[in-house]
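1. Provided below are the primary sequence and the corresponding predicted coordinates.
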Amino acid sequence: MSELIDTSKQDKLNAKTKRLREKQLGDIRKVLSIPEGRRFYWRVLSQCGVFHSSWTGDTMQTLVNEGKRAVGIVFLDDLLEASPNVFAQLQREHKSNTEPEEN
């Protein structure tokens, strides 16, 4: 005898989770749509140590750095999911904002 499984609750939960994720990604896209938001996002990624090794030689400091880096990787993954092409734009803008001006 086969029993029918009521998947309506799970389907509703999946739909709600999907709507929430789309809202989160929309928020990230909004932040990334303005120069100030992109600079902020780059600063967060940089401060979290996403772009360099966590290793310091000191075990405790390395663990702290890895914790920060783990948060930064979540931010980076969200950015790449929300708007993959924006990462290259962040890099270009960061480079142009940090290069010394020629006189």
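-> In hand now; what should we look at?
2. Do a quick rundown of the strands in this structure.
-> Applying DSSP state E to the chain gives no strands.
3. which residue is nearest the middle of it?
-> What sits nearest the mean C-alpha location of the chain, by Cα atoms, centre = their mean, is residue 75, with 1.9 Å.
4. how much space between that one and residue 50?
-> According to Cβ to Cβ, to the nearest Å, residue 75 and residue 50 sit 8 Å apart. C-beta here means a position set from N, CA and C on the backbone, and glycine is covered the same way.
5. Where do the helices of this protein begin and end?
-> Under the criterion DSSP state H, the chain carries helices at the ranges 8-32, 35-47, 59-82, 86-98.
6. Rebuild those helices as a markdown table, extending it with mean pLDDT.
-> Shown next, in a markdown table, are the helices of the chain (pLDDT from 0 to 100):
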| stretch | mean pLDDT |
| --- | --- |
| helix 8-32 | 95 |
| helix 35-47 | 97 |
| helix 59-82 | 97 |
| helix 86-98 | 93 |
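7. hang on, the earlier thing: you'd agree the residue nearest to the centre of the chain is up against residue 44?
-> Yes. The criterion here is Cβ atoms under 8 Å, and residue 75 meets it with residue 44 at 5.8 Å.
8. roughly how far is stretch 85-99 from the heart of the chain?
-> How far stretch 85-99 lies from its chain's middle: 16 Å, per Cα atoms, centre = their mean, to the nearest Å.
9. Alpha carbons only: can I get that stretch in PDB?
-> Coordinates of each C-alpha in stretch 85-99 appear next as PDB, following Å, rounded to 0.1, in the frame of the first residue of the first chain:
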ATOM      1  CA  ASN A  85      30.000  41.000 -13.300                       C
ATOM      2  CA  VAL A  86      30.200  43.600 -10.500                       C
ATOM      3  CA  PHE A  87      33.300  42.000  -9.000                       C
ATOM      4  CA  ALA A  88      35.500  43.000 -11.900                       C
ATOM      5  CA  GLN A  89      34.000  46.500 -11.600                       C
ATOM      6  CA  LEU A  90      34.900  46.600  -7.900                       C
ATOM      7  CA  GLN A  91      38.500  45.600  -8.700                       C
ATOM      8  CA  ARG A  92      38.800  48.300 -11.400                       C
ATOM      9  CA  GLU A  93      37.300  51.000  -9.200                       C
ATOM     10  CA  HIS A  94      39.500  50.100  -6.300                       C
ATOM     11  CA  LYS A  95      42.600  50.200  -8.500                       C
ATOM     12  CA  SER A  96      41.600  53.600  -9.900                       C
ATOM     13  CA  ASN A  97      40.900  55.000  -6.400                       C
ATOM     14  CA  THR A  98      44.200  53.800  -5.000                       C
ATOM     15  CA  GLU A  99      46.600  54.700  -7.800                       C
END
